[in-house]
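In: I'd like to go over a predicted model; first the sequence, then the structure.
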Amino acid sequence: MSASLPVAEPEILEESCARAQRLWCTVVHDDPVNTMSYVTWVFHSYFGFSLPVAEARMMQVHTTGRAVVSRGARERMEIDVTAMHGYGLRATIEPLGDDGEGSASDAAGGQ
């Protein structure tokens, strides 16, 4: 009798693939250092937000302590977070929730 090799379950492979394709978001957090006009400028110049959108995101950071500023593949979000750090802003990567927002609640939404 020959020994048969174990075969991976299709569900496990699909779950791994789904995890690899999971979307992430860049979250900018409030800090006591940067001015509101500077944060607006960063959002406008780096992300290409219109001034009203950049201001709205800045106000969300200011009033709620955080705002989602971009969504996408993890590698792209790592680039965005590194850029935000380069501008002196506090930013993190979070998995995108089923509601399209970061893992913590976010009222205004992202890009």
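Out: On my side now, so go ahead. This one's a predicted model, so the numbers in the text were calculated from it and none came from an experiment. Numbers count the residues shown, from 1 in each chain.
In: how much space is there between H44 and S70?
Out: 14 Å (Cβ to Cβ, to the nearest Å). Yep, even glycine has a C-beta here, placed from its N, CA and C like the rest.
In: compare these two and say which is more crowded by neighbours.
Out: Higher neighbour count among H44 and S70: S70, with 22 against 18, using other Cβ atoms under 10 Å.
In: near T26, how many residues? Count them for me, please.
Out: Residues near T26, counting by other Cβ under 10 Å: 27.
In: is it in a helix, a strand, or coil?
Out: With DSSP: H, G, I helix; E, B strand; the rest coil as the basis, T26 sits in strand.
In: next one: G88
Out: coil.
In: quick check, it in contact with T35.
Out: No - using Cβ atoms under 8 Å, G88 is not in contact with T35; the gap is 10.9 Å.
In: between the two, point out the one with more neighbours.
Out: Taking other Cβ under 10 Å, G88 and T35 do not tie; G88 has more neighbours (12 against 9).
In: check the residue nearest to the more buried one when sequence neighbours are not counted and give its pLDDT.
Out: Excluding the flanking residues, the one nearest G88 by Cβ to Cβ, 6 or more residues apart in numbering is N34, at 6.2 Å. Looking at N34, its pLDDT reads 97.
In: again with R74
Out: pLDDT for R74: 96.
In: burial count for it?
Out: R74, neighbours per other Cβ under 10 Å, totals 14.
In: pLDDT weak spots in this structure?
Out: Along the chain, the parts satisfying pLDDT under 70 run over 1-20, 99-101, 103-111.
In: just to check, the residue nearest to G88 is in contact with M84?
Out: No - counting by Cβ under 8 Å, N34 does not reach M84; the two are 10.5 Å apart.
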